[in-house]
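Asks: Sharing a sequence plus its predicted fold:
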Amino acid sequence: MSGIADAFQSGRRRAGSEPRAQNKSDSFQLGATWVETVFVPAVTQADQSLRQHGVGVRHDLNLNHSSTNHPHADFWLVQTATGSGQSYDGPKYSINVVDRDIMLYKPGASGRSLGSIDNFGPEQMNELLRAAAEEYGTMFRQE
């Protein structure tokens, strides 16, 4: 019987020195953490920067593992100050974090990978927001 106990102890030692196998729940949490620590701060900062120009960045998140199998975040630009009462909403960008891969979807375009949560940090997120702001600028109407 001591062979079984030795095998168990050996397994415990090995488990302590090897990376833990990632399960789907861990993968979801890694994606949700990326949304909370990279996506949300970048969108919040972009929104604050654009306010002086009568533009805002809206976002919607789904980080509830019981309702979706991957973290999901949408953002779009909107006109916040209008003289005529009309509002111009920009296209909605949807981000899905599947395992560690960040996928971007927007109307009229195929989905594309932005890379891994390990490589797509605040600088890359800010660049994506800058491109969206430039695109929105071509639609924006000043009153």
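Replies: Alright, I've got the coordinates. Residues are numbered from 1 along each chain as shown.

Asks: CA only for contacts and neighbour counts going forward, please
Replies: OK.

Asks: distance of the spatially most central residue of the chain from residue 59?
Replies: Centroid-nearest residue in the chain, with C-alpha atoms, centre = their mean: residue 35, separated by 4.1 Å. Residue 35 is 11 Å from residue 59, where distance means C-alpha to C-alpha, to the nearest Å.

Asks: Overlap in contacts, these two.
Replies: Residues within reach of residue 35 and of residue 59 at once, by C-alpha atoms under 8 Å, 6 or more residues apart in numbering, are residue 73.

Asks: pretty sure the residue nearest to the centre of the chain belongs to a strand, no?
Replies: No: using DSSP: H, G, I helix; E, B strand; the rest coil, the assignment for residue 35 is helix, not a strand.

Asks: what about residue 130, how many neighbours?
Replies: Neighbourhood size, residue 130 [other C-alpha atoms under 10 Å]: 13.

Asks: what's the helix or strand for it?
Replies: Using DSSP states H and E, the element containing residue 130 is helix 122-137.

Asks: Kindly state the pLDDT recorded for the residue lying closest to residue 78 once chain neighbours are set aside?
Replies: By the measure of C-alpha to C-alpha, 6 or more residues apart in numbering, the closest residue to residue 78 outside its immediate chain neighbours is residue 89, 4.5 Å from it. In this model, residue 89 is scored at 87, pLDDT.

Asks: With that, I have no additional questions.
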